[in-house]
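>>> Make a model of this:
(3 chains)
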Amino acid sequence: MVPLSWFLILGAALFAVGLFGVLARRNAIAILMGIELMLNAVNLNLLAFWRYLWSDSLTGVVFVIVVLAVAAAEVAVGLALIISIYRRRSTIVAEEINLLKW
Amino acid sequence: MTGPQIIFLAAAAVTLIAAIMVVTVPRLVHAGLWLILSLAGIAVLFIMLDNGFLAVVQVAIYIDAIAILIILAMMLTRAAMSDTEPQINRMWLASAFASLIIMAGLLWIVSQAPAASRGPLVDAEVGLDALGRALVDVDGFILPFEIASVLLVAALVGAILVAMTPARGD
Amino acid sequence: MIETISWLIPLPPLLAFGLIVLFAYRSNRVSHTLGIGAMLITWALAMSVFLFAVSGGELPVSAEVEWLPTGDSSFNIGIWIDSLTAVTLFFVAWTMLAIFVYSVGYHNYGKARDPKDRPGLPPHAGGIDPMYARFFAFISLFAFGMLALVVTDNLLVLFVGWEIMGMCSYMLIGFWYGKDSAKAAMVKAFMTTRVGDVFMLLGLAYLYWLTGTLTYSEILFNPETLERLATTPSVLGPGTSAAALIALLFFIGTVGKSAQWPLHTWLPDAMEGPTPVSAMIHAATMVSAGIYLILRIFPLISAGWQPGEPLPDIMVIIAFIGAFTALFASTLAIGQNDIKRVLAYSTISQLGYMVAAVGIGAFVAAAFHLVVHAFFKGLLFLGSGSVIHGVEHGAHETGDHIDPNDMTHMGGLWKKMPLTFWTFLIGGLTLAGFPIVTAGFWSKDEILAEAFGTGHIAVFIVLALAAFITAFYIMRQITMTFLGKPRSEAAKHAHESTWTMTVPLVVLAIFSVTIGWAGIPRGFPVLSSLVPNWVQEFVDATLLEPAEALEFNSIPLLVSVSVALGGLLIGYLMYRRLEAGAPDPLARLGRVYVWIQDKFYFDELYDFLFVRPAYWFAETFVYRGIDRRVIDGFLHWVAGLAGRLGGFLRNKIDLPIINGTADLVGEGVKTASHEGRVIQTGRIQTYLVVGIIFTGALLSYIFFLL
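Down below sits the predicted model:
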């Protein structure tokens, strides 16, 4: 019998790792991978809560499906943006994409 | 330690370690592969949550589509950054600190969770049949379903537009 | 009615002045028409007033208006016509009208303007004077001044008229301002009379301070005021009464205006002006104004004195100055060769007669002589102007350029200019006092009789001596000018002047003869039964206490007749055979003659005593010393101070503090932003990290610490 808290702790840990990747990686694609990790952690959390608390309704599952769809869309658009940036500025290092710099 | 717990621990360990590897390995392709492993671990965890459907969906979408797409993008932008450059930026300490704060906060919230969540599992079986019907049911989840579809169409169109080469003359 | 006329008398010439100056100066004809027209109107008004007074009209005529509010009361001005005013108006109107008409011819109206003539210089060759219109403007203003002085009822307006005439005489003496001698003369005339005017103003102020009024009726015809003034000690101490001091101050004004010694030096130099000006100023009006003044204030002069008593000090002073001047000026006249200068000294001398008469208390005699003198002196001056014109014309015809004023180049003009000659002769005989037929005899005789009859023998002797010399010099002048043979080409070709010049001469000559018969003293053998002494009765009414007419005494009569005839005879005999270029027979007097010619060096004395120190004071002391060193030095010092203060403020306060603060603000913002820009890295990851950390801190603060 796996306690719910174990799933939640894992979810938190995965989220933190993903956050670290978003904040600390230089390559834009690596940042996207961090975002994917975060979204997966969210999915895990949702499903865990659904299974342990709300397993009589389908809301949790549908929520996860929607999150999955959103993640997919977001990856697609993000990668398209990255490629577009790469075309214009020949770089995908997040540090160098700094037109808002003073 | 019961069987499911052991399986859970193993899968969690794999997932976590793979995730850590994703954010730390210098070579990007390796990071992508570690990501696939991490996603697979998540799929296993989904099975443990009595949701085989979603596990398959996870594999199919995340691993087969998204991770492959990421690797494809890596290959398209390979010349942008070589793998011998530093992959972690200068703020990694602050970033680690921020992550730890988030994790601490989340753990604290978890600890506030009601005791009922630690109780025994209710037996539940979700039928795909019911799921499918609920997704298109007017009293059900038709709205999120349709909106998600719209979102996917918009993302599709947007991605194509954004990624078009500029020299098309449009 | 008569009041209105009296108010209007001074106005037409003033209007003429204004119109000429503003509008009519471009046209000579309009200018002289305005001038003469105005004078005619004034003459008519004055004659009507005179006739009113003479035919028994109610005198005095007075009226006044409030002029200057002074607290509770007000200072009023108005008119005052009494018998003195009436006779003065009579002679002023006639003589001024004659002079106005004469000026038309004198300034060559009708002749073309010579293109070589320039304004400010007398015309060369008989062309019309370039400043013809201006002349009429000035003499109109002059006429206004004199008439205002005569008809007014208070001493302030009298003073105003006095000063107007002073200014006009300044402008008219220097009418030909292109000549340096004229410029010097005009300044000298003004300055010298000014000395007198200052004292007169002091007298006015003192009088006003003591009595609070300047109106004749309240001072001169008010026995209580006169009594008070006569008994109040003046500021000079108990020896002098206030009345005496005031009279003395006014008398000094007369000394200046009527060119008595010692302020006589301006009158001969004033001959630089055109002849009508000389006639006007020195015969008819301005110098007469001085005598009119002391006649007016005679009650003040004689305050506290009754006829028959010994004279008070003030009257002694007046009599002394008058008599001395009469003798002094007549001695100077015998040494002059300029035809007008002889007449100038003659004027000074005759005025001395009048002043002496006032001094001994002979009010009526002085007034009578004033009237007669105006006529014959005016006649003599205008006649001399006619002579000058004739000789000038002769000089141009023959090309013999001599000084047309110089008598040594004249002679034999009686044939060439007969009208001028006969009228001049009449005037000259009147001046000398030729018995019976000339008015001068009656008036001068009156003065001598008064002097003798009241016991002032010293005055009598001096005046008789002066009369002798007077007869001598006038005969000298007539002989040199008209009789004998012409002594130059110019004189040979002289000719008579135009009618505008000779008609006034005739008119004045008629008066010179006939006026005297109005003043035949009572008791005179034969004639007095024909004509009463109208002058005595009429003029005497002016005084509060009419004086008694004197007993007729034959001694002064004999003395004056012999003196007059003797002087005339000697003058004729000495000069009738004077040749051209010959020395003056008087030169036999040697050194004395030189002194006479040099006017006893009074001009040089005044120059040394007054003029040079004044120049030194102005130039050296005030200008260089005070103006440049003190005032400018002070200003330079202030400027330096301001400069240093400004520099200090700028460099020590403005730049560091104010600029510094402003700069600090700017620089501060710049630096702050420069430093603060760092947070704008443009990198999203940075923003995220910061946001997360901050939010985490905030949330932990909220949840854990609150």
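>>> Poorly predicted segments of chain A, please.
By pLDDT under 70, the low-scoring segments of chain A are A:102.
>>> which of the residues in the helix or strand that contains A:Val42 are buried?
When elements are defined using DSSP states H and E, A:Val42 is found to belong to helix A:28-53. Going by neighbour count (16 or more other Cβ atoms under 10 Å in any protein chain shown), the buried part of helix A:28-53 is A:28-53. From N, CA and C alone the C-beta is placed, and that goes for glycine too.
>>> Quick check: closest non-adjacent residue to A:Glu96.
Leaving aside its chain neighbours, A:Glu96 sits nearest to A:Arg89 (7.4 Å; criterion: Cβ to Cβ, 6 or more residues apart in numbering or on different chains).
>>> Just give the number of residues close to that neighbour.
Applying other Cβ atoms under 10 Å in any protein chain shown, we find 13 residues neighbouring A:Arg89.
>>> again with C:Ala86
Neighbour count for C:Ala86, taken as other Cβ under 10 Å: 25.
>>> Tell me which ones among the buried residues of helix A:28-53 also neighbour chain C, please.
The subset of the buried residues of helix A:28-53 within reach of chain C, by Cβ under 8 Å from any Cβ of the partner chain, is A:Ile31.
>>> just checking, what packs against the helix holding A:Val42?
Applying 3 or more Cβ pairs under 8 Å, 6 or more residues apart in numbering or on different chains; DSSP states H and E, we find helix A:28-53 packed against helix A:4-24, helix A:59-89, helix B:3-24, helix B:28-48, helix B:68-76.
>>> Would you mind finding the most buried of these?
Burial of these is given as mean neighbour count (mean count of other Cβ atoms under 10 Å in any protein chain shown); helix A:4-24 ranks first at a mean of 23.
>>> check whether that helix contacts chain B.
Yes. Applying Cβ under 8 Å from any Cβ, one finds helix A:4-24 touching chain B at A:4-21, A:23-24.
>>> May I have the residues that are in contact with the residue nearest in space to the middle of chain B?
Centroid-nearest residue in chain B: B:Leu39, 6.3 Å away (criterion: Cα atoms, centre = their mean). With contact taken as Cβ atoms under 8 Å, 6 or more residues apart in numbering or on different chains, B:Leu39 is in contact with A:Glu36, A:Asn40, B:Gln58, B:Val59, B:Tyr62, B:Ile63, B:Ala67.
>>> could you measure the second one against B:Ala11, distance?
Shown here: A:Asn40 relative to B:Ala11, a distance of 13 Å by Cβ to Cβ, to the nearest Å.
>>> Repeat that for the fifth one.
The spacing between B:Tyr62 and B:Ala11, counted by Cβ to Cβ, is 16 Å.
>>> And the third one, by the same measure?
Per Cβ to Cβ, B:Gln58 is found 13 Å from B:Ala11.
>>> before we move on, the earlier item: double-check the residue nearest to A:Glu96 against A:Leu99; I have them as touching.
No. In this structure, A:Arg89 is not within contact of A:Leu99 by Cβ atoms under 8 Å, at 9.0 Å.
>>> how about the helices of the stretch 51-200 of chain C, start to end?
Under the criterion DSSP state H, counting those that start in this stretch, the stretch 51-200 of chain C carries helices at the ranges C:83-106, C:132-151, C:155-173, C:180-211.
>>> Now distance to C:Arg644 too, for those helices, in CSV please.
Shown next, in CSV, are these (distance: least, Cβ to Cβ, whole Å):
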stretch, distance to C:Arg644
helix C:83-106, 66
helix C:132-151, 56
helix C:155-173, 50
helix C:180-211, 47
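>>> List just the one of the ones you listed that sits closest to C:Gly390.
C:Gly390 lies closest, by Cβ to Cβ, to one member of those: helix C:83-106, at 11.8 Å.
>>> got a list of what C:Ser512 touches?
Taking Cβ under 8 Å, 6+ apart, we find C:Ser512 in contact with C:Val372, C:Phe375, C:Phe376, C:Leu379, C:Ile426, C:Gly427, C:Thr430, C:Thr438, C:Ala439, C:Gly440.
>>> Same check on C:Ala439?
Counting by Cβ under 8 Å, 6+ apart, C:Ala439 makes contact with C:Val372, C:Phe375, C:Phe376, C:Thr430, C:Phe511, C:Ser512, C:Val513, C:Thr514, C:Ile515, C:Gly516, C:Trp517.
>>> Among these, which pair sits farthest apart?
Checking these with Cβ to Cβ, the most distant pair is C:Phe376 and C:Trp517, at 14.5 Å.
>>> between those two, which one's more packed in?
Using other Cβ under 10 Å as the criterion, C:Phe376 and C:Trp517 rank with C:Phe376 on top: 30 against 16.
>>> per-residue confidence for that one?
Note on C:Phe376: pLDDT of 91.
>>> now it: how far from C:Ser512?
C:Phe376 is 4 Å from C:Ser512, by Cβ to Cβ.
>>> Find residues that contact each of those two.
Common contact partners of C:Phe376 and C:Ser512 (Cβ under 8 Å, 6+ apart): C:Ile426, C:Gly427, C:Thr430, C:Thr438, C:Ala439, C:Gly440.
>>> Specify which member of those residues is nearest to chain A.
Closest to chain A out of those is C:Gly427 (115.0 Å), distances taken as Cβ to the nearest Cβ.
>>> mind checking which helix or strand of chain B has the lowest mean pLDDT?
Using mean pLDDT, DSSP states H and E, the weakest-scoring helix or strand in chain B turns out to be helix B:128-136, at a mean of 85.
>>> buried sites along that helix?
By neighbour count on 16+ other Cβ under 10 Å, the buried set for helix B:128-136 is B:Leu131, B:Ala134, B:Leu135.
>>> got it, and stretch C:505-518?
C:Leu505, C:Val507, C:Leu508, C:Ala509, C:Phe511, C:Ser512, C:Val513, C:Ile515, C:Gly516, C:Trp517, C:Ala518.
>>> Tell me the pLDDT of the fourth one.
For C:Ala509, the pLDDT comes out at 90.
>>> same question, the first one
Taken from the predicted model, the pLDDT recorded for C:Leu505 is 89.
>>> these two touch, right, it and C:Phe421?
No. With contact defined as Cβ under 8 Å, C:Leu505 does not count as touching C:Phe421 (10.2 Å).
>>> Next, the distance between the ends of stretch C:591-604.
End-to-end span of stretch C:591-604 (Cα to Cα, to the nearest Å): 18 Å.
>>> Test my guess that B:Ala65 contacts A:Ala72.
Yes. Using Cβ under 8 Å, B:Ala65 is in contact with A:Ala72, at 6.6 Å.
>>> In this structure C:Pro12 contacts C:Ile36, no?
No. Taking Cβ under 8 Å as the definition, C:Pro12 is not a contact partner of C:Ile36, at 10.5 Å.
>>> who's more crowded, those two?
Between C:Pro12 and C:Ile36, counting by other Cβ under 10 Å, C:Pro12 is the more crowded of the two (24 against 20).
>>> Make TSV out of the contacts of C:Ala439 and add secondary structure.
Listed next are those as TSV, based on DSSP: H, G, I helix; E, B strand; the rest coil:
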residue	secondary structure
C:Val372	helix
C:Phe375	helix
C:Phe376	helix
C:Thr430	helix
C:Phe511	helix
C:Ser512	helix
C:Val513	helix
C:Thr514	helix
C:Ile515	helix
C:Gly516	helix
C:Trp517	helix
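>>> quick one: which of the residues you listed is nearest to chain B?
Closest approach between these and chain B, by Cβ to the nearest Cβ: C:Phe375, at 126.0 Å.
>>> For the closest one, grab the count of nearby residues.
Using other Cβ under 10 Å, C:Phe375 has 29 other residues around it.
>>> can you check C:Gly668 too?
C:Gly668: 10 surrounding residues under other Cβ under 10 Å.
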